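>>> sequence and predicted structure below; questions after.
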Amino acid sequence: MLTGGEKSEYTQALDLIKNQKSHFLIADKGYDAQYLVENAEQAGMTVVIPTRKNKKNQRKVDKYLYKQRNLIERFYNKIKHFRRIATRYDKLASSFMAFLHFAGIYLWIK
């Protein structure tokens, strides 16, 4: 799903996990929302999201699984080396998505 450059991807999180066949939901603290956690658990997923420090009930997180999130973070870092992606140069969503595909293919081949 592609959102506007000024919007947070957090707004799309619930739609992303709907109808997904997954054992785990791995995300950073920014996604620690009760409705998201409840929906993931109802879908049979184990939630691997660290709890924010201001919450009374701290959830235990599998540290090994949480570290796997690093692979995705490194990919985002690599695609941001393409100036066109980092600055959201393209005005049309279709152009931006096409260049995202191009960057992904380039990195995969490389």
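All right, it came through fine.

>>> need the residues that contact the worst-scoring helix or strand of the chain on mean pLDDT.
Taking mean pLDDT, DSSP states H and E as the measure, the chain has helix 13-17 as its least confident helix or strand, at a mean of 77. Residues from elsewhere that reach helix 13-17 (Cβ atoms under 8 Å, 6 or more residues apart in numbering): 1, 25, 27, 31, 33, 35-36, 39-40, 43, 45. (Glycine included, C-beta is placed from N, CA and C.)

>>> now the longest helix belonging to the chain - C-alpha only, PDB.
Taking DSSP state H as the criterion, the chain has its longest helix at helix 93-109. The C-alpha trace of helix 93-109 is given here as PDB (Å, rounded to 0.1, in the frame of the first residue of the first chain):
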ATOM      1  CA  ALA A  93       1.800   7.600  -7.000                       C
ATOM      2  CA  SER A  94       2.200   5.400 -10.100                       C
ATOM      3  CA  SER A  95       5.500   6.900 -11.000                       C
ATOM      4  CA  PHE A  96       6.800   6.600  -7.400                       C
ATOM      5  CA  MET A  97       5.700   3.000  -7.100                       C
ATOM      6  CA  ALA A  98       7.300   2.200 -10.500                       C
ATOM      7  CA  PHE A  99      10.600   3.600  -9.300                       C
ATOM      8  CA  LEU A 100      10.300   1.700  -6.000                       C
ATOM      9  CA  HIS A 101      10.000  -1.500  -8.100                       C
ATOM     10  CA  PHE A 102      13.000  -0.500 -10.100                       C
ATOM     11  CA  ALA A 103      15.100   0.200  -7.000                       C
ATOM     12  CA  GLY A 104      14.000  -3.100  -5.500                       C
ATOM     13  CA  ILE A 105      15.000  -5.000  -8.600                       C
ATOM     14  CA  TYR A 106      18.300  -3.200  -8.900                       C
ATOM     15  CA  LEU A 107      19.200  -4.000  -5.300                       C
ATOM     16  CA  TRP A 108      18.100  -7.600  -5.700                       C
ATOM     17  CA  ILE A 109      20.300  -8.100  -8.800                       C
END
